[in-house]
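S.K.: sequence and predicted structure below; questions after.
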Amino acid sequence: MFIVSRSACRLISFVCLSLSIVTAAWAAEYRTWTDSTGKHELRAKLESVEDGKAILIRENGKKQKIAIEKLSKADQDFIAKQTGDSPFEDADGESDESSGEADESASAGPRKVKKVNWSESNAVLPGSSDTEWKVSVPIVPAAAGRIKSVALPPKMDFFDGISGMAVNRVGKTAVIGYAFDRFDKKSLRLVVCDLQSGRVAASVAVSGENMAPLALHDDGRQILMRSNEFGHGKHNRLEIWTIKGKGVARSLVWTPHDGDWGPRQDLSWAEFIDAKRLATCSSGGKMAIWNFATGQPICHIQVCDGSIPCLSPDGKTIAIADKNSIGLFDLEKQEMTASQETPRELQGPAVAFSPSGRKIGCVAGDRILVWDTASGKLEKDFSVTGLNLMGRVSFPDDEFLLAGNQYLIELKNQLKLWHYAGGEYACTVSGMTLFAIPGDNRSGLLLAAKLPHPEATALLKKAVQQPDIFVFHRGTPVKLNVSGIPDPAEQTKATESLTKKLKELTCPIDPAAQVEVVALVEGPKSRGISYMHSGTYQVQEYFTRLKIVYQGQTVWETSHTNIPGILSLKQGENVEGVLREASSKPSYGLYQTVTLPEFLQKPSADKTPGAGQTLGATHLTSQGLQLRGRRG
């Protein structure tokens, strides 16, 4: 039995809530509505129809609802025309609205929402460590053409901003969404960029919407749009839009995870697979393959909250990580064909294939892990403390990883190489990295850059030849301090384990060394912890920490708590008893499992968040790359 704390609910969920009926969402214009008596009027626009009631939004933003039969005949006719309701109903509950490609006769107006039927979807098990990892890595074809930068239109005002970016896998087209959301006014602009010519191919405006492009079909026309309202659980609705001249046609609207708890409904990742299939993943860790003609799931797999999968370069495999495993999902077989345990628990893991497909990278918290795709061998496992790595991860090159849309990590030496600041969205396709850079009173830029750029490459070469840039590396003398561990027996165990790990790095232990490895325990501190559906419990929390300190400044740190975010109860156990035992002492396993870094860079005088952690930094502007500073 698994019990999940509320503070850890983004890591994993074990509760499946019943699905509710998905409601329709339209962007109709404001009009005057009249009730059947003719005595009452209301100026509003139609948002949706639910259980025989019209949901109306007034111009002040307030919502009101009324039974359709209580509206005037003209209003009832208007609703029927908007929804396209038919008196005929299929026995299997499916309408015949979508039968394949987007309806060429569709306007930018509403289409009926699809009700998701998960019971017909094949539930796939995440896999186990017994699954043999033996993968044939296909040869990735060369890019069709050189990707070029594209000038973007300026923002309309302060409330206008980039809501999202999607690039198709063939690297020919990108779409940038601009959402304007101020009080009761909403509008959306879609800017379609031709990456081969470096020009804007189309610009479309849609009023009354705040949405973001999430994925773009290889045809460059069909876009998966996601609702983009503020707040958890408001990024949960999907729509298929097709660019038609200066407008869009909507062929499908659905809310995949309508029955889940609010934040877990949000959609965090999606990719078009082929002409008929689409892959998505929710913030709640539910990855699904869809028939996007019908809006119904073909199969699904449940992993931990915050997991972000990735599609292989050949489009045949999806890599996906759970909190304790990573595996490969075969899209044709609809099963996990390779899986193995991870060396540590992963928090919100985001994965990516390298351009050649030969490597799989993962960012989880402050850790980076890299596996060989063919054999599943773990090649890298290290910490990059001090950087905010939340979000997607990509490989600009097989030897470099871009995390958090801005930090370039060199994998061979585990270096925090470069900080690219100023872009709001980033992705890598066909060997080029695209940064979406907003413009204020001037034009923005969709910047296409080959990473690492020449200045970063030159600085990397210089850095590895100048050991004084690093405060810690192989062979660095260190002072070992375990006095912060209160238990003498645990001090001895920590000393033995850390001495062995330092010896593997050829680092001699010297009491007079400038660099100090510090092991300590903080606590206990009393606090309440809530577990979903299991109440609140008072615990005594300890933090076991390990730090590397240089001239009084912490340059690297990792820690572990004795209070589990997830409880696995055995027969005869209860939550209170397990927590009482856990509260009795610190958890010292950190000193046996920790991986020490191979390089640690000297602290920088540059106090810009993140920039001081990297060897160099660049500010991204509508004029391109501008060198902000370098170290060494």
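M.R.: Ah, there it is. Keep in mind that this is a model prediction, so the values were computed, not measured. Residues are numbered from 1 along each chain as shown.
S.K.: what segments of the stretch 401-550 of the chain are helices?
M.R.: In the stretch 401-550 of the chain, the helices defined using DSSP state H, counting those that start in this stretch lie at 454-464, 488-504.
S.K.: single out the most deeply packed of the ones you listed.
M.R.: helix 454-464 (a mean of 16; mean count of other Cβ atoms under 10 Å). (Each C-beta comes from the backbone N, C-alpha and C, glycine too.)
S.K.: I'd like the average pLDDT over that helix.
M.R.: Taken as a whole, helix 454-464 has an average pLDDT of 88.
S.K.: same check, this time on stretch 377-388
M.R.: The pLDDT scores in stretch 377-388 average 82.
S.K.: below-threshold pLDDT in the stretch 1-150 of the chain: ranges please.
M.R.: Applying pLDDT under 70 to the stretch 1-150 of the chain flags residues 1-28, 51, 82-113, 127-131, 142-144.
S.K.: can you pull out the helices in the stretch 51-200 of the chain?
M.R.: Assigned by DSSP H, counting those that start in this stretch, the helices in the stretch 51-200 of the chain fall at 73-83.
S.K.: dump the helices of the stretch 401-550 of the chain to TSV, plus distance to residue 424.
M.R.: Shown next, in TSV, are the helices of the stretch 401-550 of the chain (distance: least, Cβ to Cβ, whole Å):
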stretch	distance to residue 424
helix 454-464	21
helix 488-504	40
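S.K.: ok, which of those comes nearest residue 597?
M.R.: helix 488-504 (10.9 Å; Cβ to Cβ).
S.K.: which secondary structure elements does that closest one contact?
M.R.: If contacts are counted by 3 or more Cβ pairs under 8 Å, 6 or more residues apart in numbering; DSSP states H and E, helix 488-504 sits against strand 478-484, strand 515-531, helix 590-593.
S.K.: can you redo these as a markdown table with distance to residue 384, mean neighbour count and mean pLDDT?
M.R.: Formatted as a markdown table, the helices and strands packed on helix 488-504 follow (distance: least, Cβ to Cβ, whole Å; neighbours: other Cβ atoms under 10 Å; pLDDT from 0 to 100):
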| stretch | distance to residue 384 | mean neighbour count | mean pLDDT |
| --- | --- | --- | --- |
| strand 478-484 | 20 | 16 | 97 |
| strand 515-531 | 18 | 16 | 91 |
| helix 590-593 | 18 | 16 | 92 |
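S.K.: next, format those as JSON lines and append distance to residue 195.
M.R.: Listed next are the helices and strands packed on helix 488-504 as JSON lines, based on distance: least, Cβ to Cβ, whole Å:
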{"stretch": "strand 478-484", "distance to residue 195": "49"}
{"stretch": "strand 515-531", "distance to residue 195": "47"}
{"stretch": "helix 590-593", "distance to residue 195": "44"}
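S.K.: how about these, which one is nearest residue 246?
M.R.: Of all these, strand 515-531 comes closest under Cβ to Cβ, at 51.6 Å.
S.K.: quick one: that closest one to chain centroid distance?
M.R.: Taking the mean of its C-alpha atoms, strand 515-531 sits 29 Å from the chain's own mean (Cα atoms, centre = their mean, to the nearest Å).
S.K.: what helices or strands is it leaning on?
M.R.: Applying 3+ Cβ pairs under 8 Å, 6+ apart, we find strand 515-531 packed against strand 478-484, helix 488-504, strand 535-550, helix 575-583.
S.K.: now do the strands in the stretch 201-350 of the chain.
M.R.: 211-216, 222-227, 238-244, 247-254, 267-272, 277-282, 286-291, 296-302, 310-311, 317-321, 325-330, 335-341, 350-353 (DSSP state E, counting those that start in this stretch).
S.K.: now do the shortest one: which elements does it pack against?
M.R.: Taking 3+ Cβ pairs under 8 Å, 6+ apart as contact, the helices and strands that strand 310-311 lies on are strand 317-321, strand 350-353.
S.K.: kindly tell me how buried the closest residue in space to residue 67 that isn't next to it in sequence is, as a neighbour count.
M.R.: Counting by Cβ to Cβ, 6 or more residues apart in numbering, residue 67 lies nearest to residue 53, which is 5.4 Å off, once chain neighbours are set aside. Using other Cβ atoms under 10 Å, residue 53 has 14 other residues around it.
S.K.: how close does residue 53 sit to residue 75?
M.R.: 13 Å (Cβ to Cβ, to the nearest Å).
S.K.: got it, and residue 265?
M.R.: 31 Å.
S.K.: one more: residue 208?
M.R.: 19 Å.
S.K.: just residue 256 next, same as before
M.R.: Taken as Cβ to Cβ, the span from residue 256 to residue 75 is 31 Å.
S.K.: who has more neighbours, residue 265 and residue 75?
M.R.: In terms of neighbours (other Cβ under 10 Å), residue 265 is the more surrounded of residue 265 and residue 75; the figures are 23 against 20.
S.K.: can you pull the contacts of that one?
M.R.: 233, 235, 236, 255, 256, 257, 258, 282, 283, 284 (Cβ atoms under 8 Å, 6 or more residues apart in numbering).
S.K.: export those to a markdown table and tack on neighbour count?
M.R.: Below are the contacts of residue 265 laid out as a markdown table (neighbours: other Cβ atoms under 10 Å):
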| residue | neighbour count |
| --- | --- |
| 233 | 17 |
| 235 | 23 |
| 236 | 23 |
| 255 | 23 |
| 256 | 25 |
| 257 | 22 |
| 258 | 20 |
| 282 | 24 |
| 283 | 25 |
| 284 | 26 |
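S.K.: restricted to helices, list the residues you listed.
M.R.: Using DSSP state H to define helices, no part of the contacts of residue 265 is located there.
S.K.: returning to that earlier point: mean pLDDT added to the strands of the stretch 201-350 of the chain, as TSV?
M.R.: Converted to TSV, the strands of the stretch 201-350 of the chain look like this (pLDDT from 0 to 100):
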stretch	mean pLDDT
strand 211-216	96
strand 222-227	95
strand 238-244	91
strand 247-254	88
strand 267-272	96
strand 277-282	96
strand 286-291	96
strand 296-302	95
strand 310-311	96
strand 317-321	96
strand 325-330	94
strand 335-341	90
strand 350-353	96
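S.K.: columns distance to residue 548 on top of those, output as TSV?
M.R.: Converted to TSV, these look like this (distance: least, Cβ to Cβ, whole Å):
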stretch	distance to residue 548
strand 211-216	40
strand 222-227	41
strand 238-244	45
strand 247-254	50
strand 267-272	33
strand 277-282	35
strand 286-291	37
strand 296-302	38
strand 310-311	32
strand 317-321	27
strand 325-330	28
strand 335-341	27
strand 350-353	26
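S.K.: of all these, which one is nearest residue 377?
M.R.: For residue 377, the closest of the strands of the stretch 201-350 of the chain is strand 335-341, at 9.6 Å, according to Cβ to Cβ.
S.K.: list the buried residues in that closest one.
M.R.: Of all the residues in strand 335-341, those buried under the rule 16 or more other Cβ atoms under 10 Å are 335, 336, 337, 338, 339, 340.
S.K.: got it, and stretch 540-559?
M.R.: Neighbour counts using 16+ other Cβ under 10 Å place 540-550, 555-556, 558 of stretch 540-559 among the buried residues.
S.K.: which residues touch the residue nearest to residue 67?
M.R.: Residue 53 touches 65, 66, 67, 68, counting by Cβ under 8 Å, 6+ apart.
S.K.: any idea which of the residues you listed is closest to residue 523?
M.R.: Proximity of the contacts of residue 53 to residue 523 (Cβ to Cβ) peaks at residue 65, which lies at 52.0 Å.
S.K.: correct me if wrong: the closest one contacts residue 56.
M.R.: Yes. The criterion here is Cβ atoms under 8 Å, and residue 65 meets it with residue 56 at 6.9 Å.
S.K.: and residue 262, how many neighbours?
M.R.: Neighbourhood size, residue 262 [other Cβ under 10 Å]: 13.
S.K.: which residues touch it?
M.R.: By Cβ under 8 Å, 6+ apart, the neighbours of residue 262 are 232, 233.
S.K.: before we move on, what about residue 384?
M.R.: So residue 384 contacts 366, 367, 368, 403, 407, 409, 414, 416, 613 (Cβ under 8 Å, 6+ apart).
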